[in-house]
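Asks: Can you look at this prediction? I've put the sequence above it.
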Amino acid sequence: MRDASAADRAPDPTTPTLDTTPTLDTTPWLRRSGYFREVTGYDEAVELLSDPRMHARFVDIFEGLGVTDGPVWEAAAASLLSLNGEEHKRLRSLVATRFTPRGVERVRQFARVTATDLASALASGGRCDFVTAFAQPYVMKGTSYFVGFREDEVAACWRAVERVGAAMKDLGNRVEDLEHGLLLLAYAKSALAERRLEPADDILTLIADEVARGSLPESVGLVLVSTLLSAGLEPTINQIGIMVTVLADHPKVWDAVAAGALSTANVVEAVLRFRSTNPGAARRVTESFDYHGISFKQGETVIIGMAAANHDPRHFVDPDRLDLDTERSSHLAFGFGPHFCLGAALARVQLQEAVGALARALTCPVVHEIEEFDGGGLAGPASLTVEFTARI
């Protein structure tokens, strides 16, 4: 028997061949989201958020709108969210030790007392806007205490934080509102100058010292302080509102927390996986590569859909159910990899103490009206009308 020749082995040109290259229609972890591709799979999100070829570039948002210079662009470029690699690692490490789980325990008792006082005040009030009656003052007080701001200073900056947050949800029409972020930079400059004259045992003094030593560029230090005023407030305020809306549909969970039968830590992690204020993050491809048969091209922006990944049915059993088993409810609400949320441990403490204090003081809330934030960016209730009854 003779060996088959190349001609013998060639496919019949009249016979169609099957193209097995993955596409968006056949890839369970990738979908089209507006102009971008969005990674929706949990395992894929974890791997790509850790990939050194995928860079966080917060400044890209502004450059996409034509803002390529000026103070707003400079502030965005100096943000840790625009820095990557060794530079990002070095600068982040200068303050990261204060944000570890052990480092943030210093705020727990303060958060517990504050949450208890605010929850007690709700017991006699009936209906209220939970966001303004509890979430905002609670987070402002805790963040002020932890970082080193005075409460009146944070309250004075809150309007600017709100305006910047609103602009980030509708940048195409409200990019000019980002100028309010410059007010935060001005305050940051004043706060660091004050700490150089009057040091204290707080994060502001730590940042001021690093700037004075030259290990932290002043521009990065100023933006970091401004970020503590914005990212340290808005996401946690939103998430506490989300916690209440989710648990209002789970009165047995609420009562179990009150009785001590469920740990607040388990409940918080379950809700963070179930619904987070942070829907996703953008990453720029810095070097073309293939991943599971899909090509990512240099310069492309890819959305890592953390909210979608947290509901990936290939990773979570019954993903649309509130799952209190922490072994199965690991989540990406705080991201993953080198840009994992710096304030995650602080947010966890604040969320745990808020949920515990509310459940112990009040019966499960009745939600009457929710006004959600419009547009992109952080999600959650802009206002939340609820009714509480004091627990007997």
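Replies: It's in.

Asks: In the stretch 51-200 of the chain, mark out all the helices, start to finish.
Replies: Counting by DSSP state H, counting those that start in this stretch, the stretch 51-200 of the chain has helices at residues 59-63, 70-78, 85-96, 101-104, 108-123, 130, 136-147, 151-169, 171-174, 181-197.

Asks: Please convert those to a markdown table, extending it with mean pLDDT, distance to residue 324 and mean neighbour count.
Replies: (C-beta placed from N, C-alpha, C; glycine too.) A markdown table is the format used below for the helices of the stretch 51-200 of the chain (pLDDT from 0 to 100; distance: least, CB to CB, whole Å; neighbours: other CB atoms under 10 Å):
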| stretch | mean pLDDT | distance to residue 324 | mean neighbour count |
| --- | --- | --- | --- |
| helix 59-63 | 83 | 36 | 18 |
| helix 70-78 | 85 | 39 | 18 |
| helix 85-96 | 93 | 30 | 14 |
| helix 101-104 | 94 | 21 | 14 |
| helix 108-123 | 95 | 21 | 17 |
| helix 130 | 97 | 23 | 25 |
| helix 136-147 | 92 | 24 | 23 |
| helix 151-169 | 77 | 31 | 17 |
| helix 171-174 | 65 | 37 | 13 |
| helix 181-197 | 87 | 38 | 18 |
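
Asks: among these, which is nearest residue 294?
Replies: helix 59-63 (21.1 Å; CB to CB).

Asks: And the closest one, what does it pack against?
Replies: helix 70-78, strand 281-285 (3 or more CB pairs under 8 Å, 6 or more residues apart in numbering; DSSP states H and E).

Asks: what's the angle between the first one and helix 151-169?
Replies: Using axes from the mean of the first three to the mean of the last three CA atoms, to 10 degrees, the interaxial angle of helix 70-78 with respect to helix 151-169 works out to 90 degrees.

Asks: how many degrees apart are helix 70-78 and helix 181-197 in direction?
Replies: Using the same axes, to 10 degrees: helix 70-78 against helix 181-197 is 60 degrees.

Asks: same question, the last one
Replies: Angular relation of strand 281-285 and helix 181-197 on a 0 to 180 degree scale: 90 degrees, by the same axes, to 10 degrees.

Asks: And strand 281-285, how far out from the chain middle?
Replies: 15 Å (CA atoms, centre = their mean, to the nearest Å).

Asks: What of the first one?
Replies: Relative to the mean C-alpha coordinate of its chain, helix 70-78 is positioned 21 Å out (CA atoms, centre = their mean).

Asks: and that helix, what does it pack onto?
Replies: Using 3+ CB pairs under 8 Å, 6+ apart, helix 70-78 is in contact with helix 59-63, helix 181-197, helix 218-230.

Asks: who touches that helix?
Replies: Residues from elsewhere that reach helix 70-78 (CB atoms under 8 Å, 6 or more residues apart in numbering): 58-59, 61-63, 67, 82, 178-179, 181-182, 185, 217, 219-220, 222-223, 226.
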